[in-house]
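Asker: below: sequence and its predicted model.
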Amino acid sequence: MILALLLQAVAAPPVPWAVTTSAGAKSKATTTSAWSSDNKARLVVRCDVTDEKIVSIQFIPKPGFAAALPRPVSIKADDDGWLGTNWQFPGTGAFISQDVIVTNLAQVIAHGKTIHVRVIDPDNAVVEANFTGPGEAPIRQVLKACEYELGVIPPRSAPPPVAPKAPTPPDPDAE
């Protein structure tokens, strides 16, 4: 009987959108993720802390993608419009780590009841998946681990302030 209980505990699926942290000698990762409604893909929001602090959003399907040049990925929440851009395809999955895009997508994911993802894979096939939304708490926790704030573009990526135009010196030849 104890063996049966242990096997059930091992086979239990991970809690959707639970936040986990793992640390190595030179890095620390904080993640939250969920499996799609059909259990064929995982959507991940991840903070990696090394020399830099980088948040990424990842889509990892079963059995995975081949490595490829950047490809189109779109996300929407509920019945809102699609937000799409090209993501990196290093092999296995796809990810985006550009601060402005991650800021917008994290906001969409945090506020959606259902998250829809559509990918054009390296074979030009459409891959789609639906996820139950996490709510704000797990997304905020992951962002905070990288000193990001939900809905705020990190200062390193914000456009520089516009400097006032320097006055034009008077022309010495003009009278």
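Answerer: The structure has been received and is ready for your questions.

Asker: Gln107 should be in a helix, yeah?
Answerer: Yes. Membership of Gln107 in a helix is supported by DSSP: H, G, I helix; E, B strand; the rest coil.

Asker: which residue is the nearest non-sequential neighbour of it?
Answerer: Excluding the flanking residues, the one nearest Gln107 by Cβ to Cβ, 6 or more residues apart in numbering is Gly151, at 5.1 Å. Glycine gets a C-beta too; all of them are placed from N, C-alpha and C.

Asker: shouldn't the one you found be in contact with Val100?
Answerer: No. If you go by Cβ atoms under 8 Å, Gly151 and Val100 don't touch, sitting 11.8 Å apart.

Asker: closest to the centroid, which residue in this structure?
Answerer: In the chain, the centroid-proximal residue (Cα atoms, centre = their mean) is Ile57; its distance is 1.7 Å.

Asker: that one and Asn104 touch, don't they?
Answerer: No. If you go by Cβ under 8 Å, Ile57 and Asn104 don't touch, sitting 10.0 Å apart.

Asker: residues touching the residue nearest to Gln107, list them.
Answerer: If you count contacts by Cβ atoms under 8 Å, 6 or more residues apart in numbering, Gly151 has them with Thr103, Ala106, Gln107.

Asker: of those, closest to Pro90?
Answerer: Nearest to Pro90 among the contacts of Gly151, counting by Cβ to Cβ, is Ala106 at 20.6 Å.
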